[in-house]
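Peer 1: here is the input, now give the coordinates:
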Amino acid sequence: MMRISDEVRDAIACNRAVVALESTLIAHGLPHPTNLEVAREAEAAVRAQGAVPATIAILHGVPTVGLSAAELQMLATAPGVLKASRRDLGVAMATGATAATTVSGTLCIAKRVGIRVFATGGIGGAHRPPAHPWDISADIADIACSAMLTVCAGAKSLLDLPRTLELLEAAGVPVLGYRTNTFPEFYTRGGSLPVTARVETPLDAAKIATHQATFGTGTLLCLPLPEEQAIPSEQFRAALTIAEADAARDAIGGAQLTPYLLARLAVLTNGATLVANKLLILKNCALAAEVAVAIAARSE
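Peer 2: Numbering: from 1, shown residues only. Just a heads-up that it's a prediction; the model follows:
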């Protein structure tokens, strides 16, 4: 039911550091050729810190952990690639579909094979009004039950961030700030929303995540963009207001809302969101690899 690359299988068996990577950003989150460039550079960033990258997707109905160079290119260029969260895994497998996995879908598969660290750009959460109050990403529930460490740049800036943090708290997920006391806001540096705890080193994060995993609960580690590379909040909010109005005009909602807004924001900010997105993904991957190495060392 599942295919694991020899490199990833050997690393898990030998208790070496492995970092799971999602594939939705390749098939749906970034335009070509940026998507393929980021996928390759993300894997390189993990390797540079001494860990093994495991990009995850469903290929022709088979959950695949650790993609080849040809498979990465296929996901970046093929039309009709589906988007699979936890809800969609069974359908994709039964129908023989090829699907890119979201945060939720990637965590489910990574947990199944014994990977303990996952890196992404930003997690999903609760959408802002006028979205329906129940329009909440499956990411939160799957982070909570994963017993894994998820490294991100906070939640996507287009979400209702206070409500997203409340949902994480209700799910029992500790939100760690890497050298910050406030919750990062993806493209922007972050406001005044507090994190659960601040950590200064990868080892600090590894200790907390390891203890938290003994209770079956996942941990969120948030790394903010450097001030000079983040998009000013006022500029981003102005672009988001226009993008949301466009989505309402075009009757965009549900699973299509986030990809639509991200694409519009890239246009409205003259590509600034794409630059920030690429940078934060690579920084998150490097940090995730450092923590994965620390976790593997602690369990020797």
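Peer 1: so where's the protein uncertain?
Peer 2: 131, 190, 300 (pLDDT under 70).
Peer 1: any idea which strand is longest in it?
Peer 2: When the chain is parsed with DSSP state E, its longest strand is strand 52-59.
Peer 1: now the strands for the stretch 1-150 of the chain?
Peer 2: 3-4, 18-21, 52-59, 62-65, 82-84, 99-101, 117-119, 149-152 (DSSP state E, counting those that start in this stretch).
Peer 1: quick one: which of those strands is nearest residue 211?
Peer 2: Distance to residue 211, taken as Cβ to Cβ, is lowest for strand 149-152 among the strands of the stretch 1-150 of the chain, at 11.3 Å. C-beta here means a position set from N, CA and C on the backbone, and glycine is covered the same way.
Peer 1: what comes into contact with that closest one?
Peer 2: Applying Cβ atoms under 8 Å, 6 or more residues apart in numbering, the external contacts of strand 149-152 come out as 103, 107, 116-123, 143, 205-206, 209, 213, 218-223, 284-285, 287-288, 291, 295.
Peer 1: list the contacts for the residue nearest in space to the middle of the chain?
Peer 2: Nearest to the geometric centre of the chain sits residue 120, at 2.6 Å (Cα atoms, centre = their mean). Residues in contact with residue 120 (Cβ under 8 Å, 6+ apart) are 21-22, 25, 103, 106, 150-152, 281, 284.
Peer 1: quick one: residue 61 from residue 99, how far?
Peer 2: Distance, residue 61 to residue 99, using Cβ to Cβ, to the nearest Å: 9 Å.
Peer 1: ok, these two, which is more surrounded?
Peer 2: Taking neighbours as other Cβ atoms under 10 Å, residue 61 and residue 99 compare with residue 99 leading, 27 against 15.
Peer 1: residues in contact with that one?
Peer 2: Neighbours of residue 99 in contact, by Cβ under 8 Å, 6+ apart: 57-58, 81-84, 88, 92, 105.
Peer 1: in ChimeraX, how would I select the buried members of those residues?
Peer 2: Applying 16 or more other Cβ atoms under 10 Å to the contacts of residue 99, the buried members can be selected in ChimeraX as follows:
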select :57,58,81,82,83,84,88,92,105
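Peer 1: wait, which of the contacts of residue 99 is closest to residue 230?
Peer 2: residue 83 (27.2 Å).
Peer 1: re earlier: so what does the longest strand of the chain touch, helix or strand wise?
Peer 2: helix 6-13, strand 18-21, helix 34-48, strand 62-65, helix 69-77, helix 89-95, strand 99-101, helix 103-113 (3 or more Cβ pairs under 8 Å, 6 or more residues apart in numbering; DSSP states H and E).
Peer 1: strand partners (parallel or antiparallel) of it?
Peer 2: With DSSP bridges as the test, strand 52-59 is paired with strand 18-21 (parallel), strand 62-65 (antiparallel), strand 99-101 (antiparallel).
Peer 1: just send these back as a markdown table, with distance to residue 267 too.
Peer 2: As requested, these are exported to a markdown table (distance: least, Cβ to Cβ, whole Å):
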| stretch | distance to residue 267 |
| --- | --- |
| strand 18-21 | 26 |
| strand 62-65 | 33 |
| strand 99-101 | 22 |
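Peer 1: returning to what we had before: dump the contacts of residue 99 into JSON lines; add distance to residue 262 as well.
Peer 2: Output for the contacts of residue 99, formatted as JSON lines (distance: Cβ to Cβ, whole Å):
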{"residue": "57", "distance to residue 262": "19"}
{"residue": "58", "distance to residue 262": "22"}
{"residue": "81", "distance to residue 262": "16"}
{"residue": "82", "distance to residue 262": "18"}
{"residue": "83", "distance to residue 262": "13"}
{"residue": "84", "distance to residue 262": "18"}
{"residue": "88", "distance to residue 262": "19"}
{"residue": "92", "distance to residue 262": "22"}
{"residue": "105", "distance to residue 262": "18"}
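Peer 1: ok, now which ones touch residue 167?
Peer 2: So residue 167 contacts 125-126, 136, 140 (Cβ under 8 Å, 6+ apart).
Peer 1: state the pair within those that is farthest apart.
Peer 2: Of all the pairs that the contacts of residue 167 form, the one spanning the most space (Cβ to Cβ) is 126 and 140, at 8.4 Å.
Peer 1: residues that sit against both of these two, list them.
Peer 2: 164, 167.
Peer 1: compare these two (neighbour count), which wins?
Peer 2: Ranked by neighbour count (other Cβ under 10 Å), residue 126 and residue 140 place residue 140 first, with 24 against 21.
Peer 1: in stretch 144-162, which residues are buried?
Peer 2: 144-161.
Peer 1: straight-line length of it, end to end?
Peer 2: Start-to-end span of stretch 144-162 (Cα to Cα, to the nearest Å) is 18 Å.
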